[in-house]
Every structure is written in C-alpha cells, then in structure tokens.
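Peer 1: sequence first, predicted model second:
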Amino acid sequence: MRNLAITLAISPFILLAFVSLTNAQSSTSLQAELNALLAQLAALQVQLQATTGSANAAPAASGSAYGSCPNLVRSLRMGVSGSDVTALQAFLAADSRIYPEGTISGYYGALTQKAVQALQQRHNLVTSGSPETTGFGAVGPATRNLIATLCVGGGIPSAPSIPAGACAMGSTYVENGKTADFYSASSVQGSDRCSSFVQTRQCINGMFSGNPAYRYTSCSVSASSPGACSYNGTVMANGESRTFYRQEAVSTAQSCQGTMRTCLNGVVGGSTEYPYPSCGVTSGPVSCNLDGVIVQDGQSVGFYKNNKVLFGQSCAAFQGTRACSGGVLTGDGDYRYSSCVAASAQSCTVITTVGTTTSTTTVAHGASRSFWSDDSVPYTSTCDAHKLTRTCNDGSLSGSPAYKHPACTTVAQKGCDIDGITVSGGTTRTFYSARSVGGEGSCASIDQERTCTDGVLSGGATYPYAYCAPNGQRYCVVDGAYVAHNASKTFYSNNAPSFGSTCSQFDLIRACTDGTLDGTAEYQYASCKEPTGASCGLDGVTVSHNQTYTFYSRSAAPSGGNCAEYSQSRTCIDGTLSGSDSFDESSCSNSSSAIPAASQVAAALSAMEALLKAALEKLDAWF
C-alpha cells in the first residue's frame, strides 16, 4: 500500500514533465515513452484494483441495536402510511448507519425507501433493482422475515440463528416438518406461468425434500412476455388469474375482501376497486390509497369521475367526496381519479393541396380569417365573390369546408402580339391597314381601334400594322424595331457574341430615311446580349467564372503529411480551370498519425493525471 501511494504521488509530475517534452522529441522516442507510460498506468490500475477490492468489503457489524420489533403484516412500499410504517421507521432509526435522518412520520417516503435499501444491502438480501422488479426498497415477506430476525435480542447477529432442525433457503427459513413452495426459475417469460415451475418441499431435520432444482423462494413473470400484465407491482402471464384485494391492510375487526382478476393481452380485467395483490391485518388505523393519494382513516377527500374533461366543461361537475374507513374508501367507485384537468381549446387546421403543392393553415381558437373556394379565378370574376370568413371554435371551423384555400389570385388576361408589339389584355390600340399613305391622304383615314381581350384582338385582320406614316416619312422596321423617319438606332451583326467579345464590337448606328435604313444589311439585330463566362465543374464542385477553388492532388495525405502540401488554387475562366490537371480532388483529409499530436498527448495525460489524483484522494481516506 505504501509503495502504491508513493508511486501514485509522483506519477502526476512525471506526466507533466512528459507533456513539456513532446514537442522536442522525435516520433520514435515519443512513441516509446508513451508506451512506457501506458504500461505504467496499466500496472498502477491493476495494483489499485487489487487494493480497492479488499477495501470495499463491507465492514463487520458493530453490534448497534435496532429498535423493538415492528408488527408488519402487509407489504410496504413508497406512498403508503399507517402505524406499521411508524413502527418500521422507529426500528430503522435505531441504527444511524441505516437511517441517519431518523424521521418518524408514519408515511413511507423516499428516505424510508433509502433506509430499507441500506438494510437489504447490509445483510445481502437484495442489492439492486427496484421495488417492482426485485423488491429493492420495499418491505415484502423476505424483508419482514429479516427484520423479525434482527429485532430478536435487540442486536445485529453476525449470522441469523436457525432453529434446530429447521431448513434455510436464501433468506427463507422453514421449521422442521413444515412445507413451503419453491420454484425452479426465478422468472418466466412468454406464455409460461410460475405455477408451472412450483414444487412444495418439506423440511425434514434440516434438509428439504424434493428436487434441489426448485431452489427459488419466489417467481415472477417477465413484463416483456407477450400479453403479460404489469399491475400494481405484480406481473401476470397472459391468461393468468389471481386474487386481488380491495385494501392492502385491514383492522382486526375487518376481513380482507378479494376477487379474482385475469390478465388478458396485457390488460388486467375485473373491478378496479380491487387493486392490491395482498392484504394483511393490522391493529392500528389503516389508511386508504387511491391514484397515488393517501387518505388517512376517518378523513374525506374529493375524487373525480374523469381525469380530463372537454374544453368548456368544469371538473367540479365530475367530483365526488369519498371517505376512508378502516382502509376502505366509501362512495361510488367510479370516482377514482385524484386530479382532473379541463382540456385546452384546440386550434383549427386546414390542409389544402393544389397540384403537387400542399399547404397547412392554422387558425387559433376564437380567431377568424378569410378562406376562398378557389385558389384562382379568371379575369371575368373577382376573388371577393369566392370568399368566406370562417371562425375557429375549439378545433372546429365555421362555414362550408368548400372554402379551404388560404389565398386567391385573379388570373390576368393574355396579351395580343402583332406587328412586333404586345397589346396588354383589356387595352385598346390603333392599328392601320397600311404602313404609309400617299398624296393628300392621312393615316387617320386607314386606322381602326382594336381591343385585346384575353389574347384575341377585335376588329378586322386587314388592320395589321401598328404604325403608319405619310409617304416621304415612312417608318423603318427591322427585327421588330420601328425607327421613325430621320431617326437613328443601333443595330448589331451578332446578337450573342462569344466570351471575350463585347456587343460594341458588332454594333452600327443606322439612320432611317422614308422607310429605308442606311448601313450594311448584316447589322440586322435590334438587340445584343453581353457574353458571360461559363462555369467549371470538377469532382462534384461547380466553380463560377472568374472564381477560385482549392483542389488537391490526392484525397488523403500520407502518414505524417498535411493536405496543404498537396493543394493548388485553380481559377475558372469561361469553363476552363487554370493550373495542373493533376489537382483534381475537391477535398482532402489529413490521415491520423501513428504518433498523436502534442495536444492530443497532453489531453490524454491530463485525463490520466486526474484519474491518479482521484485515486490518491481515495487512498487518503483509507489511511
């Protein structure tokens, strides 16, 4: 022990010194020293484990006396109360190691459960689990037997005394000549029942008769078995029937009232007025327990017929008073809930699907909003003609469900395209039967007002021209563009030049003289789109024109290397990446080195140092 303490004491300083040297050491020496340190830590852990194994052994009983024997005739668990709980707490409080708080209230709460667990652990009755699975923290038959053994003589015997000729099986003792039921399995699953694994064995001069395989004093059905029921701490196989009782304890002037209840597909049938798997007789007042509420003998408490009522209803209308009398609650058994809440008002939800798009509209309780019977209407109608205001009342919308669309739009009329221009739907424009008139004629003499209605022009098809001018002042029309007499406009010989060129390289200003444009006819386009560079694609990455991206010559750096050593910045110019084609990986990962980085080593050693310091603190407590 002393050598271990010295080794543990100096180890943190060795670790700290090691961290400070990591940056200066080579990979080989660093690996060697790390391996040596890990070996040292492993040896220390083995040595520490051997030491803690003996130190953690439970100390021998000191002979502290428990209290007087309590009269326990029923199973006790958290939430119950009564004089038997008071007696149990007085018994436990006599040993401050078991029950340091020493609270004696008559109510079985968390502190009492903790004390019972300490008692069970100290005497190796049960050391883990829960009150429902293993009885850990609950006072059942085995724990009552232990308490009865311990309280005899007022001390803690080093080993329970067994009457002459009696037989012992775990914590269960059977007098000579008496019988007891034992099981060949402590738990069963599936459709099995504990009754299929039971055997009655007799104690004969210290030896049990029957098959030694039947060695378990209790048996339970796994709650995970198909169709099994878990009810009030009891697990029943599917189809199994058991007696349940109306109360867990009754006074000496009463008798236990029981009824058979059957487990069927996970549900225990029968009356819920009989919830308890056991019932005992006690000399003190007996409390009532319903839905987690303890009602003392002689007291009255309000219970509810429903634990939840609809919005707008009052829980008070579903409440009834029940009194506890000798462990039995009077009144209507339908009033079995200790609390009741009124449901909150629900909002309204409208789900609408238009084509492949689904939308959800939520309206809060009491709120109103407009809905439409159609999501769109033609220009000949209005959305207001298809609108309805609907109000939400606790999840229900007023009005017709046909009004389900949260929005509506009016579809605009289609325009009319003619002679290079577009006439908007619903508008009127003057058209002409000829582009020009001669002599003393006037364009007004050959015009007609034409109206566009949803893509269709009124009037005669003999009026197709959008412009008219007298001879000598005629318009020039090229590529849908009108140029007035004596006016000029820029035209282009190429309306979509390639990247590297500009539209200005292909333009020419052309003047109109009485319907004739000057200049070269190849300049025939009224507009031109400036070119943009194409983007570049490589290894799943798209790089826009004139943008730069870092590529790598390999997807992973070799051991000891870094991805930065294998990178190159490449710029996209009109679909072509600069740089070397060997840098074609869009990402690279740094491989884990066989030797941890200095920061990793420092973190690992800090963790080991913390472990050793914790061990030193524990050793100090032992010394």
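Peer 2: Received, thanks.

Peer 1: residues in contact with Gly106?
Peer 2: Listed by Cβ atoms under 8 Å, 6 or more residues apart in numbering, the contact set of Gly106 reads Ser81, Gly82, Ser83, Val85, Thr86, Gln89. Yep, even glycine has a C-beta here, placed from its N, CA and C like the rest.

Peer 1: which of the residues you listed scores worst on pLDDT?
Peer 2: Taken together, those show their lowest pLDDT at Ser81, with 76.

Peer 1: just checking, it touches Ser287?
Peer 2: Yes - using Cβ atoms under 8 Å as the test, Ser81 is close enough to Ser287 to be in contact (4.8 Å).

Peer 1: now for those two: what residues contact both?
Peer 2: What both Ser81 and Ser287 touch, as defined by Cβ under 8 Å, 6+ apart, is the set Ile294, Gln296.

Peer 1: picking that back up, wait, which of the contacts of Gly106 is closest to Gly472?
Peer 2: Ser81 (117.6 Å; Cβ to Cβ).

Peer 1: show me what contacts that closest one?
Peer 2: Taking Cβ under 8 Å, 6+ apart as the criterion, Ser81 is in contact with Gly106, Tyr107, Tyr108, Ser287, Ile294, Gln296.

Peer 1: how deep is the residue nearest to the last one when sequence neighbours are not counted tucked in, by neighbour count?
Peer 2: Spatially, and ignoring its direct neighbours in sequence, Gln296 is nearest to Ser287 (5.2 Å; Cβ to Cβ, 6 or more residues apart in numbering). The tally of other residues near Ser287 (other Cβ atoms under 10 Å) stands at 24.

Peer 1: please report how far Ser287 lies from Arg369.
Peer 2: As judged by Cβ to Cβ, to the nearest Å, Ser287 and Arg369 stand 55 Å apart.

Peer 1: in the chain, which spans are helices?
Peer 2: Under the criterion DSSP state H, the chain carries helices at the ranges 2-21, 27-55, 83-93, 110-122, 141-151, 598-622.

Peer 1: ok, the nearest residue to Leu92 once chain neighbours are set aside - contacts?
Peer 2: Nearest-residue entry for Leu92: Tyr99, 3.9 Å, with adjacent residues in sequence omitted and distances by Cβ to Cβ, 6+ apart. Counting by Cβ under 8 Å, 6+ apart, Tyr99 makes contact with Gln89, Leu92, Ala93, Leu111, Thr112, Ala115, Ala118.

Peer 1: could you find the closest non-adjacent residue to the fourth one?
Peer 2: Put plainly, it is Leu111. Leaving aside its chain neighbours, Leu111 sits nearest to Glu101 (5.1 Å; criterion: Cβ to Cβ, 6+ apart).

Peer 1: any idea how far that neighbour lies from Gln89?
Peer 2: Between Glu101 and Gln89 the distance, using Cβ to Cβ, works out to 10 Å.

Peer 1: between those two, which has more neighbouring residues?
Peer 2: Set side by side, Glu101 and Gln89 give different neighbour counts by other Cβ under 10 Å, the larger being at Gln89 (25 against 13).

Peer 1: now do the contacts for the closest residue to that one other than its chain neighbours.
Peer 2: Once its chain neighbours are removed from consideration, Gln89 has its nearest residue in Ile104; the separation is 4.4 Å (Cβ to Cβ, 6+ apart). The neighbours of Ile104, taking Cβ under 8 Å, 6+ apart as the test, are Thr86, Gln89, Ala90, Ala93.

Peer 1: how near is the first one to Ile509?
Peer 2: Spatial separation of Thr86 from Ile509 under the definition Cβ to Cβ is 112 Å.

Peer 1: who has more neighbours, these two?
Peer 2: It is Thr86, of Thr86 and Ile509, that has more neighbours when counted by other Cβ under 10 Å, with 17 against 11.

Peer 1: ok, and the closest non-adjacent residue to the more buried one?
Peer 2: Gly106 (4.3 Å).

Peer 1: how about Glu240, what does it touch?
Peer 2: With Cβ under 8 Å, 6+ apart as the criterion, the residues that contact Glu240 are Arg193, Ser195, Val221, Thr262, Cys263.

Peer 1: not counting sequence-adjacent ones, nearest residue to the first one?
Peer 2: Across the structure, with Cβ to Cβ, 6+ apart as the measure, the residue nearest Arg193 apart from its sequence neighbours is Ala237 (4.6 Å).

Peer 1: just checking, that neighbour touches Ser196?
Peer 2: No - at 9.3 Å, Ala237 and Ser196 do not qualify as touching, with contact defined as Cβ under 8 Å.

Peer 1: the more surrounded of those two?
Peer 2: A side-by-side neighbour count of Ala237 and Ser196, using other Cβ under 10 Å, places Ala237 first with 22 against 13.

Peer 1: next, the more buried one: phi, psi?
Peer 2: Backbone torsions of Ala237, given as degrees, to the nearest 10, read phi -70, psi 160.

Peer 1: tell me how far it lies from Thr134.
Peer 2: From Ala237 across to Thr134, the span is 19 Å (Cβ to Cβ).

Peer 1: and Val295, by the same measure?
Peer 2: Taking Cβ to Cβ as the measure, Val295 and Thr134 are separated by 29 Å.

Peer 1: do the same with Ser271
Peer 2: Going from Ser271 to Thr134 by Cβ to Cβ gives 29 Å.

Peer 1: neighbour count winner among Val295 and Thr134?
Peer 2: Val295 (21 against 18).

Peer 1: so who does that one touch?
Peer 2: Residues counted as contacts of Val295 (Cβ under 8 Å, 6+ apart) are Ser287, Cys288, Asn289, Val301, Arg322, Ala323, Cys324, Leu329.

Peer 1: least confident of the contacts of Glu240?
Peer 2: Looking across the contacts of Glu240, the weakest pLDDT belongs to Val221, with 68.

Peer 1: where does the stretch 201-350 of the chain have low pLDDT?
Peer 2: Under the criterion pLDDT under 70, the flagged ranges of the stretch 201-350 of the chain are 221-224, 252-253, 281-284.

Peer 1: for the nearest residue to Met236 once chain neighbours are set aside, give the beta-bridge partners.
Peer 2: If you skip the residues right next to it in sequence, Met236 has Cys263 as its closest partner in space, 3.9 Å away by Cβ to Cβ, 6+ apart. Partner residues in beta bridges with Cys263: Val268, with DSSP bridges as the criterion.

Peer 1: hmm, Cys263 is touching Ser225, no?
Peer 2: No - counting by Cβ under 8 Å, Cys263 stays clear of Ser225, with 10.1 Å between them.

Peer 1: quick one: which of the two has more around it?
Peer 2: Cys263 (25 against 20).

Peer 1: so what's that one up against?
Peer 2: The neighbourhood of Cys263, defined by Cβ under 8 Å, 6+ apart, consists of Gly227, Ala228, Cys229, Tyr231, Met236, Ala237, Asn238, Gly239, Glu240, Ser241, Gly269.

Peer 1: report pLDDT for His485.
Peer 2: The predicted structure lists His485 with a pLDDT of 92.

Peer 1: burial count for it?
Peer 2: Counted by other Cβ under 10 Å, the residues lying close to His485 total 17.

Peer 1: the closest residue to it other than its chain neighbours: how many residues sit nearby?
Peer 2: Residue nearest to His485 in three dimensions, not counting chain neighbours: Gln473, with 4.2 Å by Cβ to Cβ, 6+ apart. Residues lying near Gln473 (other Cβ under 10 Å) number 14.

Peer 1: list the contacts of Gln473.
Peer 2: Residues in contact with Gln473 (Cβ under 8 Å, 6+ apart) are Ser436, Ala484, His485, Asn486, Asp514.

Peer 1: same check on Ser241?
Peer 2: Listed by Cβ under 8 Å, 6+ apart, the contact set of Ser241 reads Met260, Arg261, Thr262, Cys263.

Peer 1: at 10 Å instead, please
Peer 2: Applying Cβ atoms under 10 Å, 6 or more residues apart in numbering, one finds that Ser241 lies in contact with Arg193, Met260, Arg261, Thr262, Cys263, Leu264, Val268, Gly269, Gly270.

Peer 1: now the buried members of those residues.
Peer 2: Among these, those buried by neighbour count (16 or more other Cβ atoms under 10 Å) are Arg193, Arg261, Cys263, Val268.
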